[in-house]
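Student: sequence first, predicted coordinates after that:
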Amino acid sequence: MVKFKKDLGQNFLYDPSISKKIVDFSKLKDGDIVLEIGPGKGILTEELLRRNCRLFCVEVDPELFKYLSYKFGERINLFNEDILEFDLEKIGGENFHVVGNLPYNISTAILKKFTIWGENISSMTFMFQFEVARRIVSKINVKDYGSLTVFSNTFWEIEKGFKLSPGSFFPAPKVYSYVLRFHSFKNLIDSQDRINYLSFLNSIFMYKRKKMGTIFRRNGYPEELFEYDDLNIDPDLRPQNISVKSYLALFQKIKKDGTF
């Protein structure tokens, strides 16, 4: 009997019809290389194997690792590691897909890590807490629009999936979940610059109620960037009023200036 561990954010998916729906939504094909994050008791794993995926699974819980090793044996490549520390080169250098019922407490950190590594990833299908998913797909000029929105949408096409009730999991969480698919990665800047770009966005949205001109002064960014006609950004606007495209252009100008 595998015990639930609250500190690891474990909420196990248990309905096979939902795991099938998730894998259908992921659009995986026969023979695809797939990394599954946090397979838990293996319900998604079973469905992925039915699709003849070449499967790599990363499970941090030693007890679940033993359970999965016994259940699946050599049919999967299984690692008892923290996904945030996992070296993606262990998958072998080929392009791969990622699927996971993400622990709520580290879901945004996982999304950021895999976006930084994005050029090797064909697609990602993730379950998020509903409120986090809403932030990721937010439109400009609304409250939910933030650094996570901009960072994700700079590099990915994001497809909305479907909502899952707490009753789809055991133990049932107190919130709804939502499935999103990320695909068609846009390799606009290299991985180190993606890290710097995320830092830049965080430094802006830290003061999201302030005007952009004020935020630039606080962060020591060159205010003359607002004078570029190709940027066309009003310093009196607030962070939620600036488009994804404009944020990337601002970062590239600042990088050229030498701030990053």
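Tutor: Received, thanks. Numbers count the residues shown, from 1 in each chain.
Student: burial count for Ile37?
Tutor: 24 (other C-beta atoms under 10 Å). Bear in mind the C-beta positions are built from the backbone N, C-alpha and C, glycine included.
Student: these two touch, right, it and Ser107?
Tutor: No: with contacts defined as C-beta atoms under 8 Å, Ile37 does not count as touching Ser107, sitting 9.7 Å away.
Student: what ranges do the helices span in the stretch 51-200 of the chain?
Tutor: Applying DSSP state H, counting those that start in this stretch to the stretch 51-200 of the chain gives helices spanning 62-72, 107-116, 130-136, 147-155, 191-205.
Student: output the ones you listed as JSON lines; include the columns distance to Phe56 and mean neighbour count.
Tutor: Below are the helices of the stretch 51-200 of the chain laid out as JSON lines (distance: least, C-beta to C-beta, whole Å; neighbours: other C-beta atoms under 10 Å):
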{"stretch": "helix 62-72", "distance to Phe56": "12", "mean neighbour count": "16"}
{"stretch": "helix 107-116", "distance to Phe56": "13", "mean neighbour count": "19"}
{"stretch": "helix 130-136", "distance to Phe56": "24", "mean neighbour count": "18"}
{"stretch": "helix 147-155", "distance to Phe56": "22", "mean neighbour count": "23"}
{"stretch": "helix 191-205", "distance to Phe56": "20", "mean neighbour count": "18"}
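Student: next, format these as a markdown table and append mean pLDDT.
Tutor: Output for the helices of the stretch 51-200 of the chain, formatted as a markdown table (pLDDT from 0 to 100):
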| stretch | mean pLDDT |
| --- | --- |
| helix 62-72 | 95 |
| helix 107-116 | 96 |
| helix 130-136 | 97 |
| helix 147-155 | 98 |
| helix 191-205 | 96 |
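Student: so how far is Lys211 from the closest residue to Gly213 other than its chain neighbours?
Tutor: Nearest non-adjacent residue to Gly213, counting by C-beta to C-beta, 6 or more residues apart in numbering: Pro235, 3.2 Å away. Distance from Pro235 to Lys211, counting by C-beta to C-beta, to the nearest Å: 6 Å.
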